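In: No letters, just coordinates:
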């Protein structure tokens, strides 16, 4: 389990736009690895992790774009909801993959036509022990899309975070936003970080649907892995967060134009500031754009010492950006 870190908005360094869940023709994607990397570079990304299913796809970094050796792997569930159900996780910074991860072979699958493969570790905790032993960092993939039992996550250790938003799952069947799982973990004292991804298989429809902004001290693969390990990030499928400043229990947020900014806390706690029809202000709007949308806000909760705090920014189209726990 990850530990609290310093507010990345207060640190020197730079922000990198990252695609952390992508697939190439080495598994079930439709772009060859080098063409996939080129497409993300042309789209303005700084980092790409090719997370092919049970494949370690390696493309060298370039002067423009950093590549991270990664994969999407599987694990058996303690509480499956249907036959042959398993979970998946994204692992970053790996040097090899196990041929036999030790899981239930009834959950292993291979689709020759789609070049898609699934093997499993015996549990999420076993998978995380393997990841840690290899110096890698892992995030549980699309809990909502997989319909993971929250107990599978609460009873497991070692993952840095979860994939809070998956663009492909959102456009496929409306199961892209796993923030409910995230809040339950945080409410239970789990310092869990988040990422947003496009889970790109078909670039015409999915490339750039969502991304993670990592704050790094230098443009190197090692710095990217460390930022993932320590949660130095915010993530989005639309808005930008420019600054978050803490002032006691109050939080000030500077962002791209937004209709709402929310400070999430446990249970029924938390506050928001909104504009427009039925706008509610549980705080102060400090700045707006010419259209009256929020660009800077101060959120002032009534509750002191909450179990966790995180920020969401919602733009006029309903798209969100999320901070990691503050």
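Out: Happy to help now that I have it. What you are looking at is a predicted structure, and each value in this text was computed from that prediction instead of being measured. Numbering: from 1, shown residues only.
In: Could you pull up the residues touching residue 106?
Out: When contacts are counted by CB atoms under 8 Å, 6 or more residues apart in numbering, residue 106 touches residue 84. In this view, the C-beta of every residue, glycine as well, is placed from N, C-alpha and C.
In: where does it land in three-state SS?
Out: Three-state call for residue 106 (DSSP: H, G, I helix; E, B strand; the rest coil): helix.
In: Quick check: the gap between it and residue 84.
Out: For residue 106, the distance to residue 84 equals 6 Å [CB to CB, to the nearest Å].
In: for residue 21, same thing?
Out: Applying CB to CB to residue 21 and residue 84 gives a distance of 22 Å.
In: Over to residue 29?
Out: In this view, residue 29 and residue 84 are 23 Å apart by CB to CB.
In: neighbour-wise, which of residue 21 and residue 84 wins?
Out: Legend: neighbour count by other CB atoms under 10 Å for residue 21 and residue 84, higher for residue 21 (27 against 11).
In: I figured that one was touching residue 49, is that so?
Out: Yes - look at residue 21 against residue 49 with CB atoms under 8 Å: they come within range, at 7.1 Å.
In: Name the residues contacting each of those two.
Out: residue 90.
In: gap between the spatially most central residue of the chain and residue 163?
Out: Residue closest to the average C-alpha location in the chain (CA atoms, centre = their mean): residue 195, at 1.2 Å. Distance of residue 195 to residue 163, computed by CB to CB: 6 Å.
In: any shared contact partners between these two?
Out: Joint contacts of residue 195 and residue 163 (CB under 8 Å, 6+ apart) are 21, 139.
In: for the helix or strand hosting residue 19, which positions count as buried?
Out: Using DSSP states H and E, residue 19 maps to strand 14-22. Of all the residues in strand 14-22, those buried under the rule 16 or more other CB atoms under 10 Å are 15-22.
In: do the same with stretch 180-187
Out: Applying 16+ other CB under 10 Å to stretch 180-187 flags 181-186 as buried.
In: Keep only those of these that are in strands.
Out: The members of those all map outside strands under DSSP state E.
In: In helices, which of these fall?
Out: Per DSSP state H, helices hold the following members of those: 181-186.
In: and which of these is nearest to residue 219?
Out: residue 182 (28.4 Å; CB to CB).
In: Thought residue 24 was touching residue 48, still the case?
Out: No - counting by CB under 8 Å, residue 48 does not reach residue 24; the two are 10.0 Å apart.
In: joint contacts of these two?
Out: What both residue 48 and residue 24 touch, as defined by CB under 8 Å, 6+ apart, is the set residue 36.
In: Which strand or helix spans the residue nearest to residue 78 when sequence neighbours are not counted?
Out: Nearest in space to residue 78, with sequence neighbours left out and distances taken as CB to CB, 6 or more residues apart in numbering, is residue 152 at 5.4 Å. Here residue 152, judged by DSSP H and E, is contained in helix 150-154.
In: Residue 252 too?
Out: With DSSP H and E as the criterion, residue 252 is inside strand 250-258.
In: Quickly run through the sheet partners of that strand, with directions.
Out: strand 241-247 (antiparallel), strand 294-299 (antiparallel) (DSSP bridges).
In: what sits up against it?
Out: Residues contacting strand 250-258 (CB under 8 Å, 6+ apart): 239-245, 261, 263, 283, 286-289, 291, 293-301, 309, 311, 313-316, 321, 326.
In: Any chance of a ChimeraX selection covering the buried ones in those residues?
Out: Typed into ChimeraX, the line below selects the buried ones among the contacts of strand 250-258, using 16+ other CB under 10 Å:
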select :239,240,241,244,261,263,283,293,294,295,296,297,298,299,300,301,309,311,313,314,315,321,326
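In: report the longest strand in this protein, please.
Out: strand 66-76.
In: counting contacts, what elements does that strand pack onto?
Out: With contacts defined as 3 or more CB pairs under 8 Å, 6 or more residues apart in numbering; DSSP states H and E, strand 66-76 has these neighbours: strand 14-22, strand 47-50, strand 86-92, strand 120-121, helix 124-133, helix 221-230.
In: Specify the beta-bridge partners of residue 211.
Out: residue 236.
In: hmm, back to that, closest to residue 223 among the ones in helices among the buried residues of stretch 180-187?
Out: Nearest to residue 223 among those, with distances taken as CB to CB, is residue 182, at 24.6 Å.
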